[in-house]
Each structure stands twice: as C-alpha cells, then as structure tokens.
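Asks: quick one, what's the 3D model for this:
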Amino acid sequence: MDKLSLYEFLSFFLPGITVIYIMYQVMPAGYGFLKPSTDLLDGLMISIIALATGLLVHSISFLWLKYKWYKWLVYPSVNCIVAKDKETIKINYRKLKENEEHKNDTAEEIFDKAYWYLEYHGKIDTAKMFQSMYFFLRNMVTLCLLMIPVLSLSLIFFYSFNTILFIVILFLSLFAISTIANFYRRKMVGRIFGNYVIALKT
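Replies: From the prediction side, this is the model:
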C-alpha cells in the first residue's frame, strides 16, 4: 500500500470516525474531549485519532481471524464459498482445477495463487473494489463487537439514553453488516477466480 486509496479510507478512517462519533454522543459533556470544531488544528487532531483508531480496529480484525466464531460471523473460507456456490464460482473453480498447476490445490490455495498472480500482472483492480468494501464491513463488525461491551460497561459509571440506544443499534447492525460483508467476500472470491481464468487464457 504505497498511496492513500479507497482501501485505506474505507478500512481505517471511517470506522475511526464512527468510534469518535459514538463516544461524543454518549459521553457527558464534562468527559468529552473530542468535540466538533471548525478549527483546523482540532480537525486535524480528530482525523489523526480517527485514522489511528481505525488502524487499531483493522489490526484487531486480523488478530480475531484465528477464532472460529469470528470466521463464522464474517470470514467464510474460500473452500466453503466454492462448496456452497451453484453457478459461476464453482464453474471457474473446476476450470482452474483442470490446469496442471492447480490439480492438487484446494480452493483456498488456488485463490491465494490467483490473487498474487493478478496483483503482479496488474489485473486485480476490479476484485479490489469488492475487497475494499469487504474489509470496511469486516472492520465495522469488529467495531460493533468492541463497542457493545465498552458501552455496556459505561452504563455502570453514568446512565445515558444515548448509550442504550447505541447498544441496541450496534446489536442490530452487527448481524446486518455481517451478512453484507459475507456477500462482498463471495463477490471478491468470484471475481478473483473469474479474472484468473481469463488471465490464464490470454
């Protein structure tokens, strides 16, 4: 990642801004230090904090990938995606399995090789559009999982209707965003396989 892209903006900055917005809404005025301001320096500080917070959430997302419950929620394996698909993804997978180089590979291994092949040859842009959305949505699921217990504990120290409201919204959002994230992951896998099939023919 050598330049600021849609990937970094969606994955890091927006989740960070979401954290700041929620904390500003639920914290009493006396505790708040992140306040909207037209001052350039304050705006820059909020942007830096948002980016740092977003990067932290993104890192936690990767750390949680080792847990089965998290994978079930937001990270279906390529093998599972291929097995459940009834059309294009499975067709392209079978075409790739006919290739001598991939006849002994699992779907996951073919995906990894396809990804790096397409990236090396500069043919991965369309797949990265789906990847950008997927990473953003996955980070938002992680954010929901982090914020629910944090906001619940905050009720011990100060009661706030906004806090309860945001806990309910986060609970409802968690499964909705998870479903959409899984959709984009399937689209990403499908696009990678499809582009790889075309690339190998040319």
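
Asks: so what touches stretch 54-63?
Replies: 11-17, 19, 135, 138-139, 141-143, 146 (C-beta atoms under 8 Å, 6 or more residues apart in numbering). For every residue, glycine as well, the C-beta is placed using N, CA and C.

Asks: now with 7 Å, please.
Replies: Under the contact criterion C-beta atoms under 7 Å, 6 or more residues apart in numbering, stretch 54-63 has outside partners Ser11, Phe12, Phe13, Pro15, Gly16, Arg138, Asn139, Thr142, Leu143.

Asks: list the contacts for the third one?
Replies: With contacts defined as C-beta under 7 Å, 6+ apart, the neighbours of Phe13 are Ala50, Leu51, Gly54.

Asks: swap in the fourth one?
Replies: Pro15 makes contacts with Gly54, Val57, Asn139, Met140, Leu143, as judged by C-beta under 7 Å, 6+ apart.

Asks: and Ser173, how far from Ile20?
Replies: Distance, Ser173 to Ile20, by C-beta to C-beta, to the nearest Å: 17 Å.

Asks: brain fart, Ile89
Replies: Here Ile89 is placed at a distance of 38 Å from Ile20 (C-beta to C-beta).

Asks: more neighbours: which of the two?
Replies: Taking neighbours as other C-beta atoms under 10 Å, Ile89 and Ile20 compare with Ile89 leading, 23 against 18.

Asks: what's the per-residue pLDDT of Ala127 here?
Replies: Per-residue pLDDT puts Ala127 at 86.

Asks: quick one: the helices in the protein, in order.
Replies: Counting by DSSP state H, the chain has helices at residues 6-8, 14-26, 40-64, 68-74, 78-84, 88-97, 107-120, 125-157, 161-201.
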